[in-house]
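Trainee: I'd like to go over a predicted model; first the sequence, then the structure.
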Amino acid sequence: MVSLTRFCIVCIVCLLFGLNSNAQVISISGTVSDSKEVLVGASVQEKNTGRGTVTDVNGKFSLQVSIGSTIRVSYIGYVAKELIINSDAALNIILEEDSDLLSEVVVIGYGSVKKSDITGSVSSVKEADIKNTAILSIDQGLQGKVPGMVVSMGSGQPGAASSVRIRGTSSINGNSEPLYVIDGVFIVPESSVGAVTGPSLNPLATINPSDIESVEVLKDASATAIYGTRGANGVVLVTTKRGKKGAAEITMNYTQSYQKLRKKIPMLNAAELAVLGNEAADNESVPRKSIYASPVNLGVGTDWQDQIFEIAPMRNFQVAARGGSENTTYAISANYFVQNGIIKNSDFVKGNVRINLDQKLTKKIGLGTSININRNALQGVVTDAEGAIPSSVTSWALAFNPGLGVYTSSGEYVFENNTSQPAVGNPVADINSTEQIVTSNRLLGNIFLTWDVTNDFKFKSSIGTDAVFSTEKSFLPNNIKRGQASNGQAVIGKQEGVNWLLENTLSYSKKYGVHDINAVVGHSLQAYDNSFLFTATSDFADNRLGYNAIQVGSDKTLIFNGTSGWQLQSFLGRVNYNLLDKYLVTVSARVDGSSKFGAGNKYGTFPSFAFAWRAKDEKFLKNSQIISDMKLRMGYGMVGNEGIPPYSSQGLLETTEAYFGENEIAKGSGPASRQNDALKWETTSQFDVGLDIEILDSRLTLVTDIYYKKTKDLLLNAPVPYTSGFAYSFFNVGSLENKGLEIAITSVNMDKGAFKWTSSFNIAFNKNKVLVLNSDEGIPGDPLLGINGWTSIRQGQPIGTFYGYKTNGIIQLGENLATIPRFSDYAPTYGDRKYVDKTNDGVLNEDDMFVLGNANPDFSFGLNNTLTYRKFALSFFIQGVYGNEIVNFNKFSLESFDGNQNNSTAALERWTPENPTNKYPRATVAPRVNTMSDHQVEDGSYLRVKDITFSYELANLMSKLNVNVKSFSFFVSGKNLITLTNYTGYDPEVNRFIKNPRSFGADYGTYPTTKIFSTGLNITF
Amino acid sequence: MKRIFNYYIATVLLSVSVAACNFLDEVPESVINSATFYKTESDAVAATNAIYDYLTVGTEGIFERGFGGVFFNDYWVFKDVLSDNCTETIVSQEYRTLNEFSFTAENERIELYWQDIYQTTNAANVVIDRVPLIDMNVMKRDHLVAEAKFIRAMMYFEAVRLFGDVPLILHETVDLKDAFVARSPKADVYQAIIEDLEWSRDHLSSTYRVGLGRATPMACTALLSKVYLEMGEYQLSADQAAIVINSNQHPLFPDFADLFKLENANSGEIIFAVNYSGTLSQGFKPNQYHVRLLPPNLHKNGEGPKNAFGWEVPTDDLYNSFDPLDRRKDVTFITSFTYSNNTTVTFNPHISKFWDRANEPLGNNTNMDVIYLRTADIMLVYAEALNEIGNGPNATAYQMINEVRKRARFNGTIEQPILPDLSGLSYQQFKDAILQERRWELVMEGDRYHDLVRMGKLVEKVTLAKPFATPQSFHNLLPIPQRERNLNTKLTQNPSY
């Protein structure tokens, strides 16, 4: 079969170019190396003929060529060399590394290209960019580094997931996150599913950042179309380090960090709260609460924030070895990471082992593997539990009466707050008594086989898997408030998710004179299977055994298991054509078939086309002293999104249970979802124009892109009228657009002797708008604190738009109350807030709501500076977003002014007849229900010094001490040390509903993000 | 090596071609797909059984906001909180505004109740549409459809009384467009209810799936009498009520206390009750009678109701309206609790009539059913209808109300010298007496709000009992949930909301 294929190819080549059999043929041989070592697999080609070979493991080659012909020697990452052959003398060819920045190799889907040959919009982040910072996962390392990529940390809970948006939100269903491909294995979104009530785990936290060689972010459709249905939100390709031939290189790293709450919310003390509570009662002529009887005697009381927050350590240890012999190379690493959370009793531990091996079986056949084995354990505290009662220890700590202590005089926990009914529980008791543990074991890796069918055709077959096995265990004892209703409750959840992928690709690479063609075709099968089991029992007579013996609970609250899965079959192809190194064309297509859609709608085709023009070699630029390189790019493509759960197009039944008398259980099957055969792919088409310029011999490089992307047939599990019998149903609801501009500048500001200063700056603007929505009144987000429709997706507005009333000062004494616009359920009086009556009818209702802001930043930016002087290096990284708003739901409780809970010090500025302010209303025990207004919508812009790292290389010093190390560096770093923001909550990097793209931009009781101080040591032997 | 390699290539090619055939078929393995269901008799039974789950608990998870079906709590909580009978102690926005009559169309409880009503209706519609197509015994098939129609009638009776004109959906939602409909006039809704109840009455078999929470012909007749009364069709109402009373199938229990004894479930006076079972169910699936109504903080040393919150408490106006010797006062309320060591704690009155202390001393999960139709209710319906027909009570009307009063005099051993038989009343006096008697008889049984609205007394009575509340005449109807109006612009709102 092999010889047949080769024969065919030889025939085709002969037919195309003719066999030049007349010239005198000689045999040449030689070695190819760089300045240090021989190059294995370098290509040696006689120009304009089909003759060619590659160097063997010793860098040697031999080839039959015609006398007088030219041979071209090339190797990825090196400058190709051409030689005219006049004799058969042995050749010793030394290639020089291509130092030109634009010639770096960049990984793209199913292959790699020289950076100079890229036609799409691809950003590359190398190991050096994320080194030496105390990051838990790569998404954190990418924050601010890639123009157009907005990374937001939803919660400071150790191990929690972040939210990543590339070029805005292009989808409104459950999946707006980019596709992550780690060493060729597609990470399925389901692998982030943690547990039924626990926080979900970050799927990227399982990859040790130190193992990463490079991260490529594919942004425009011409780059992502090769990923078809999973490319719509952008693609992040992660490549881990592989072995290198030669002696073992061992690196060790230890980092010790401390995390600290960025700021405390200034709260009332016990006496101040009592005064407020009494005033609130007096204002409604109701009896004062007895607990507030004598404010002066209450003093300062308990600072509940101090009771739940602490300075928390974080440690990271990792060791790696890389090396290899003739035929075998390896990269092996291990990593152990422990992070205590700043809320007591919350922590995250992970252990990680990676094994990357490459083996040459024969000259032409190679076998390799990348295996990552990981175990995570997360101990959480309740911070943003969903459900009927929003629970959060941070909210409780803020609400709790400072007049109460943590313990009673007899040394037991104070059970609950005493300022209102129903009361919240003691947050310290909750933190210390409850357990909520999610552990997961994960195997991520693949085995691949490469076969150089001929010099031009290469076949690759890869089998990969991402298998996640997770367990959730939680226990609420019966002696704390949250455990009261259930009298103690234990939950055990187990989940197995196995994703496998089989891919076969055939690539072709050939240069014919001025034509250079690279092509790849492939077929891929992927399937995901998930099975889960959840059990919960309650009514515990005894707390001691907790979740380890859930049978102690006498009520079998929940027994629930199930399985689901999906399959995807794809055919893909791409051709890169390079003419004269000036004109570059890329055409790609992927046909994806998904099991999730109805029979007629399973397959979708996603094509792309891109063109680039390298202008440097044109006459008008050739001799330019200023512009050293210039490229204009243009691309258009279509990508899809199938990020909906399996079976969404089917009418499913649910198992029901009712009882006839006390002896008959009536099991049944009721309608759970509506059949929708018409459900089809969501499609995003994107147009991108880019310009890359290098100035002054690459001292300054500039990469700019403008893009327009339009998503149609938006998939959404949208609310439907209850009259249908259902609350939600999946459909294709409409279309939206994102348009934007991205600029990235890299400059070498100074490079004199021992001193070097480089900067990189990027900024990205994005505008989002919903174009068409098949729902006149919009699709509301999740309600919070009884407020429906605080955010809603509406035609003509961006996703994440906030709606509510506009405040209009405070009603002052002397105003005519009868003329004040009012809600039907509340009669306002002096000291109450006024709202703008848009309709001028004297009545406030939904017709008077305004657009109050939106959660999308106008732009996001990052600026990194690195200064090196001899052995010292200092880098500081500034990052920020501008123009987004946050709904600070905490304000509803922090500024309740009702004496039913503690308030922030804003209460000291409340309206009284003596203090006729227009900022804060009066105290009252009977305020109107929570009214969403511009008062809760705050500017979320921030600029922060994300990271400062100072490092010092001690290798020389060590060698003087006869310790032979390649590198021995010491660093200190600080994260989030300085933040400029007007946001009054804990931190502007906040996103309560991180999993729900319909409800982003809310802050309520979230686990706050932190300041981190680190010191560490990197040693390389 | 090469040969192995060729085999490998062949395998890959084979996998591709095999995969292409059925790789993308989607077969859910842990849930049933509706396309393959509704084929056999057992499917028909399962589809019918499902309706009862939506009616009672619903399939939403315990951690979800919509946990609980129609009768789980809202049915009986709404009717007495939205009246002079009960005060709500939950201070959260949705309950506080119901208590104070300041609720808006945004009220989450109203929205969830609307959802439960229509979810149950859809499950009934599925049976009504699909079961007749199944090849099975016709008598059984009709019986199952009749059960579904009875429940659908219950649901639309709830909807029309609470919301007035409502979307009248009589088929399973296949095309979503069918859910985006305007409100049908009340008269059309009532017509559909009557047709369902008559069909159901005529097709319920007397031998298949009998009772225990499932409809009977007599339940249809009893419900018809209440429906006609609500419509103002007094003669029709009296006719139906007469059939129920004269059949003597469901004679009054001699003692009011017998009604709420677990051993009397689904028997005697009880014509139809929505069945719950604490014994058979796991995971908070019984109704919330004990959790919501019994006094909190009594559970000590293994005695007294557990997990009780006392969320809905009787108004002083209700509690004081009873004659101290009225058997119903003693059964309906609890004001003190005595532990086995003879210590007694006293507290404000709480509603305890649904608590069979002897059988369920710890309260919490209960076997108690939610009584939907019982004879005393129908007797008072009969009396009210006769009073309207004759513009004053006749002998039968007096007989009906006096039998209810007579039972209230019986304290378990003797008849107390209270609540004398009524006589000589004018039309209005008799009407007032009916309203008063229904109040005493039917506390927390899902009637008070409707009784006040029907008799035009909502504003007057609520203002008297709950001075903090601000009921107005527009509160005779609840608002159409704003969520529904946002999604379906064809829905109009009731006045003043």
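Mentor: Nice, I can see it.

Trainee: longest single strand anywhere in chain B?
Mentor: In chain B, with assignment by DSSP state E, the single longest strand is strand B:344-351.

Trainee: quick one: contacts for A:D934?
Mentor: Residues in contact with A:D934 (Cβ atoms under 8 Å, 6 or more residues apart in numbering or on different chains) are A:804-807, A:850, A:852-853. Where C-beta positions appear, they are placed from N, C-alpha and C, glycine not excepted.

Trainee: any chance you could map the helices in the stretch 301-450 of chain B?
Mentor: With DSSP state H, counting those that start in this stretch as the criterion, the stretch 301-450 of chain B has helices at B:316-321, B:327-332, B:375-389, B:395-409, B:427-441, B:448-454.

Trainee: Show me the one of those that comes nearest B:S277.
Mentor: Nearest of the helices of the stretch 301-450 of chain B to B:S277, taken as Cβ to Cβ: helix B:327-332 at 22.6 Å.

Trainee: What sits closest to whichever residue of chain B sits closest to chain A if chain neighbours are left out?
Mentor: Using Cβ to the nearest Cβ, the closest approach of chain B to chain A is made by B:N122 at 2.4 Å. Leaving aside its chain neighbours, B:N122 sits nearest to A:G725 (2.4 Å; criterion: Cβ to Cβ, 6 or more residues apart in numbering or on different chains).

Trainee: I'd say that neighbour and B:I117 touch.
Mentor: No - contact criterion Cβ atoms under 8 Å: A:G725 and B:I117 do not qualify, at 10.4 Å.

Trainee: ok, back up a step: out of the contacts of A:D934, which sit inside strands?
Mentor: Applying DSSP E to the contacts of A:D934, the entries found in strands are A:804, A:807, A:850, A:852-853.

Trainee: hang on, the earlier thing: distance to chain B added to the contacts of A:D934, as a markdown table?
Mentor: Converted to a markdown table, the contacts of A:D934 look like this (distance: Cβ to the nearest Cβ, whole Å):
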| residue | distance to chain B |
| --- | --- |
| A:G804 | 13 |
| A:Y805 | 13 |
| A:K806 | 19 |
| A:T807 | 19 |
| A:F850 | 17 |
| A:L852 | 17 |
| A:G853 | 21 |
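
Trainee: What's the PyMOL line that selects buried ones from these?
Mentor: In PyMOL, this line selects whichever of these come out buried by 16 or more other Cβ atoms under 10 Å in any protein chain shown:
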select buried, chain A and resi 804+805+806+807+852+853
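
Trainee: any idea how far B:E303 lies from B:R357?
Mentor: Distance from B:E303 to B:R357, counting by Cβ to Cβ, to the nearest Å: 11 Å.

Trainee: Look at these two and report which has more neighbours.
Mentor: B:E303 (15 against 12; other Cβ atoms under 10 Å in any protein chain shown).

Trainee: Give me the phi and psi angles of the residue lying closest to A:A221 once chain neighbours are set aside.
Mentor: Distances taken as Cβ to Cβ, 6+ apart put A:G637 closest to A:A221, at 3.1 Å, once the chain neighbours are dropped. The phi and psi values for A:G637, taken as degrees, to the nearest 10, are phi -160, psi 170.

Trainee: Enumerate the beta-bridge partners assigned to A:G637.
Mentor: Per DSSP bridges, the residues bridged to A:G637 are A:S608, A:Q686.

Trainee: same deal with A:A1002?
Mentor: Note on A:A1002: beta-bridge partners A:V887, judged by DSSP bridges.

Trainee: Surely it is in contact with A:F889?
Mentor: Yes - taking Cβ under 8 Å as the definition, A:A1002 is a contact partner of A:F889 at 5.9 Å.

Trainee: more neighbours, those two?
Mentor: Per other Cβ under 10 Å, whichever of A:A1002 and A:F889 has more neighbours is A:A1002, with 27 against 24.

Trainee: For that one, report the pLDDT, please.
Mentor: For A:A1002, the pLDDT comes out at 86.

Trainee: what's the straight distance from one end of stretch B:158-167 to the other?
Mentor: The straight-line separation of the ends of stretch B:158-167 (Cα to Cα, to the nearest Å) is 13 Å.

Trainee: avg pLDDT for that stretch?
Mentor: Mean pLDDT, stretch B:158-167: 97.

Trainee: chain center to that stretch: distance?
Mentor: The chain centroid and the centroid of stretch B:158-167 are separated by 15 Å under Cα atoms, centre = their mean, to the nearest Å.

Trainee: Give me the residues contacting stretch A:814-833.
Mentor: The contact list for stretch A:814-833, computed with Cβ under 8 Å, 6+ apart, reads A:283, A:807-813, A:834-837, A:842-845, A:848, A:911-913, A:921-922, A:924, A:927-929, A:931, A:933, A:935, B:97, B:102-104, B:496-497.
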